[in-house]
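Student: Structural data only, the sequence is not supplied:
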């Protein structure tokens, strides 16, 4: 793919041919890295360096076609040329810019490279004017222009309008993380090893042998296997390695298996279970009441009154340690759960409806609740038993 | 407890830092190791989540202030639109630098301008390549702003090509933040909640100097015993501790008991704390009212809270109207005949009723009823004859204005207005006396 892209760009700049291409790949598969690498290689050719003009646009930053146009003007350093002119349409503006490029001290016009990051966000602009004009110019061969889009959506072509799609050359470069587990381990080793020109030679040697040991260790391999099955992209590997590496200090100069294990445990912990761990006993009881309601009514939304009812039933029949709290106190606990977004209303609350009768859903799974309860510190035994009880006493 | 050590920062500063953040040493050491030295690049974005009052904001602020790292601290609830947020960040960056005084007003509309101005601001200061930290508190508000703000902040290091890290603090888990097409994943860190031992330690730290630490620790023990089951929020507990301490000390002040007489002190304070749970904890009365009540001593009488029923006085017919409305809302139409007529027939329990017996109307909320039904029930519950004068109808409208009844349906409905009763059973009982 690297060569393909390089060829494409060379053709534009050296031979004056206009082109367009899309680089598609999931998040973290290296699209931007690839492009930067190719651009660096390209810049080493002298002719390219002197002629090529680059414009980098990002969908996140330029949320509007007007903003995009201003940004293009700024990047091409043409502000003083444009001045206070008022343009009738977007196309006129763009053509004017490119003409201005032509009238610089060159006989023919300079090739321009447009890089559009987060391409799928540009598709949502009104009428897709920017895309239409860019692709139009790339087809009409006035100025050699190359448009390269980077996106993570596979179906981005369906989002384009018909007129835009027809002007696009349908050249797509796919980047998939297609390496298997063995290569993954090799990448892991490569990332961790110190390069050969590191200052302290003996330390580098020791470090690299340690890395070799690690990559052959069974626990480490299991860990990497788990991560590999979850997501193949290298960003998660990076995060894991950075977390593990932060333990390396002067006193602790080599990476140990335990560090990697701890880092991975931290990364893969269930965040909702952590939140449930910090709730008060009253709030936990409310969650258990909601779980029982979900079981009985098979997932239909409930309201606060129903939850309070369940809680009252528990207090009257089974609880010895829970004091019977007043309704407003229970309401306050319920509102805290709302604030933490463990419970979400089905529709937006209106002023007319009373708060107690607003229908809600629980955003926690049954299994998550049971696991979290196991880890809950100082849980009163009757609360635990209520959670695990079947509902034969209803 | 591990000592905080880091080669880049002097040991004295670290010791001072450690004393300011009790029970959070491991989190601080983790953050220190992630931040690294001043000029090292760190993660582009970090997401810290944890319970209410688990110390996220406090620890971040203390850490950044003590170590004098260049930072910008913005609360997303205070600056709730993207424009306010971006302008605030740029203004604070200006004050960060030692040279320029923040005189010029910054105009920043879009994220594009922000990136441009940010690059200018960072290079024009003597930051010596240090990492600039942008801390966004209550980051869940970022989801409500425009869709590009959150992903753009996560990638700020890449977009501006400078040494900057964005730290997001929130109570809500990361899974609820993620945009639909994915984004640059931040490093997620969890601040665990305080255990009961930690809470005791932190609360006992602010004891007033007149009394001994043990005395105060015993008081905190009692307080936690009453309130721990309900709430673990550190701020709330601090508020309650501060308010009730004077009452606790009363027997000692009056000379009835000395500091070690725990049983007497407990007997004195216990009903007081129970009452506090119903009033100050729920914010029904303000803390100044509470303190005044404590000073009055004696029998406090009926505390008039915000939602107390006593301060709504309704005229005679309005009370009956409201009760009739409640009955109309909560009883199904079938049972009207049975309750309100002198001679009623039997009601056959159909199959339909048997299946739905469990979901009583009390759980599902009030049902709307037409005006005629309301009047019919009213006539049957009021003892003497009631004439359908305009008086009655105007009282119905005033009940709607008071939001004790609510109108359902449009104004121009041809069948007549339908209403719903919006008060609870306790309210009705209080009125019916």
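Tutor: Yep, that arrived. Since we're looking at a predicted model, the values are computed, not measured.
Student: all strands of chain A, in order?
Tutor: A:19-24, A:53-58, A:112-117, A:145-151, A:172-174, A:343-345, A:360-362 (DSSP state E).
Student: Would you mind naming what in the stretch 201-350 of chain A lies close to chain B?
Tutor: Neighbours of chain B within the stretch 201-350 of chain A, by CB under 8 Å from any CB of the partner chain: A:235-236, A:239, A:242-243, A:246-247, A:249-250, A:267, A:269, A:271-272, A:274-275, A:277-282, A:303, A:305-306, A:309, A:322-323, A:325-329, A:332-333, A:336, A:339-341. Every C-beta, even on glycine, is put in place using the N, C-alpha and C of the backbone.
Student: can you point me to the longest helix in chain B?
Tutor: helix B:234-254 (DSSP state H).
Student: and that helix, what's its mean pLDDT?
Tutor: Taken as a whole, helix B:234-254 has an average pLDDT of 79.
Student: ok so, going back, save the strands of chain A as a markdown table, and put in mean neighbour count, distance to residue A:378 and mean pLDDT too.
Tutor: Below are the strands of chain A laid out as a markdown table (neighbours: other CB atoms under 10 Å in any protein chain shown; distance: least, CB to CB, whole Å; pLDDT from 0 to 100):
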| stretch | mean neighbour count | distance to residue A:378 | mean pLDDT |
| --- | --- | --- | --- |
| strand A:19-24 | 21 | 52 | 82 |
| strand A:53-58 | 19 | 51 | 80 |
| strand A:112-117 | 22 | 51 | 83 |
| strand A:145-151 | 25 | 51 | 83 |
| strand A:172-174 | 15 | 54 | 81 |
| strand A:343-345 | 17 | 24 | 81 |
| strand A:360-362 | 19 | 24 | 80 |
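Student: For the residue nearest the centre of chain B, give me the pLDDT.
Tutor: Centroid-nearest residue in chain B, with CA atoms, centre = their mean: residue B:52, separated by 8.5 Å. pLDDT for residue B:52: 80.
Student: and if you look at residue A:196?
Tutor: At residue A:196, pLDDT is 65.
Student: For chain A, what's its nearest residue on the stretch 101-250 of chain B.
Tutor: Of all residues in the stretch 101-250 of chain B, the one sitting closest to chain A is residue B:193 (3.0 Å; CB to the nearest CB).
Student: Just say helix, strand or coil for that residue.
Tutor: Here residue B:193 is recorded as coil under DSSP: H, G, I helix; E, B strand; the rest coil.
Student: ok, which stretches of the stretch 301-433 of chain B are strands?
Tutor: In the stretch 301-433 of chain B, the strands defined using DSSP state E, counting those that start in this stretch lie at B:369-370, B:405-408, B:418-421.
Student: tell me the most buried of the ones you listed?
Tutor: Neighbour counts (mean count of other CB atoms under 10 Å in any protein chain shown) averaged over each of these peak at strand B:418-421, with a mean of 22.
Student: re earlier: so for the longest helix of chain B, what gets flagged as buried?
Tutor: If you call a residue buried by 16 or more other CB atoms under 10 Å in any protein chain shown, then helix B:234-254 has these buried ones: B:234, B:236-237, B:240-241, B:243-245, B:247-252.
Student: Farthest pair within these?
Tutor: Farthest apart among the buried residues of helix B:234-254 by CB to CB are B:234 and B:251. That separation is 27.7 Å.
Student: Could you list the domains of chain A?
Tutor: Per the record, chain A has its domains at A:1-174, A:181-268, A:273-388, by the TED database.
Student: for the stretch 251-394 of chain A, what are the low-confidence residue spans?
Tutor: Residue ranges of the stretch 251-394 of chain A with pLDDT under 70: A:251-253, A:318-322, A:349-355, A:390-394.
Student: what's around residue 186, how many residues?
Tutor: You didn't say which chain, so I picked chain A. Residue A:186 is flanked by 12 other residues according to other CB atoms under 10 Å in any protein chain shown.
Student: I was thinking of chain B, sorry if that wasn't clear
Tutor: The burial count for residue B:186: 21, using other CB under 10 Å.
Student: Surely the residue nearest to the centre of chain B touches residue A:335?
Tutor: No - counting by CB atoms under 8 Å, residue B:52 stays clear of residue A:335, with 11.7 Å between them.
Student: Find the nearest non-adjacent residue to the residue of the stretch 101-250 of chain B closest to chain A, please.
Tutor: Excluding its sequence neighbours, the residue lying closest to residue B:193 (CB to CB, 6 or more residues apart in numbering or on different chains) is residue A:278, at 3.0 Å.
Student: helices and strands of chain B: which one bottoms out on pLDDT?
Tutor: When the helices and strands of chain B are scored by mean pLDDT, DSSP states H and E, helix B:351-355 comes last with a mean of 45.
Student: Could you measure from residue B:322 over to residue A:169?
Tutor: Residue B:322 sits 73 Å away from residue A:169 when distances are taken as CB to CB, to the nearest Å.
Student: tally of neighbours for the residue of the stretch 251-400 of chain B found nearest chain A?
Tutor: Closest approach between the stretch 251-400 of chain B and chain A, counting by CB to the nearest CB: residue B:365, at 3.4 Å. Other residues lying near residue B:365 total 19 when counted by other CB under 10 Å.
Student: Low-confidence stretches in the stretch 101-250 of chain B?
Tutor: B:101-105, B:124-128.
Student: now the helices for it?
Tutor: B:111-123, B:149-154, B:156-160, B:196-205, B:213-227, B:234-254 (DSSP state H, counting those that start in this stretch).
Student: any idea which of these is most buried?
Tutor: helix B:149-154 (a mean of 23).
Student: What is that helix packed up against?
Tutor: For helix B:149-154, the packing partners by 3 or more CB pairs under 8 Å, 6 or more residues apart in numbering or on different chains; DSSP states H and E come out as strand B:164-170.
Student: hang on, the earlier thing: what's the residue of the stretch 101-250 of chain B closest to chain A in contact with, if anything?
Tutor: A:277, A:278, B:50, B:51, B:54, B:232 (CB atoms under 8 Å, 6 or more residues apart in numbering or on different chains).
Student: quick one: the fifth one from residue B:22, how far?
Tutor: In this view, residue B:54 and residue B:22 are 13 Å apart by CB to CB.
Student: So between the two, which is more surrounded?
Tutor: residue B:54 (23 against 14).
Student: Not counting residues beside it along the chain, what's closest to the more buried one?
Tutor: Nearest to residue B:54 is residue B:191, by CB to CB, 6+ apart, at 4.8 Å.
Student: residue contacts, that neighbour?
Tutor: So residue B:191 contacts B:24, B:27, B:48, B:49, B:50, B:51, B:54, B:55, B:56, B:59 (CB under 8 Å, 6+ apart).
Student: in what helix or strand does the last one lie?
Tutor: Read that as residue B:59. helix B:56-66 (DSSP states H and E).
Student: Counting by contacts, list what that helix packs against.
Tutor: Going by 3+ CB pairs under 8 Å, 6+ apart, helix B:56-66 lies up against helix B:11-20, helix B:25-35, strand B:45-50, strand B:71-75, strand B:132-137, strand B:164-170.
Student: Make JSON lines out of these and add distance to chain A.
Tutor: Listed next are these as JSON lines, based on distance: least, CB to the nearest CB, whole Å:
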{"stretch": "helix B:11-20", "distance to chain A": "14"}
{"stretch": "helix B:25-35", "distance to chain A": "4"}
{"stretch": "strand B:45-50", "distance to chain A": "7"}
{"stretch": "strand B:71-75", "distance to chain A": "16"}
{"stretch": "strand B:132-137", "distance to chain A": "15"}
{"stretch": "strand B:164-170", "distance to chain A": "10"}
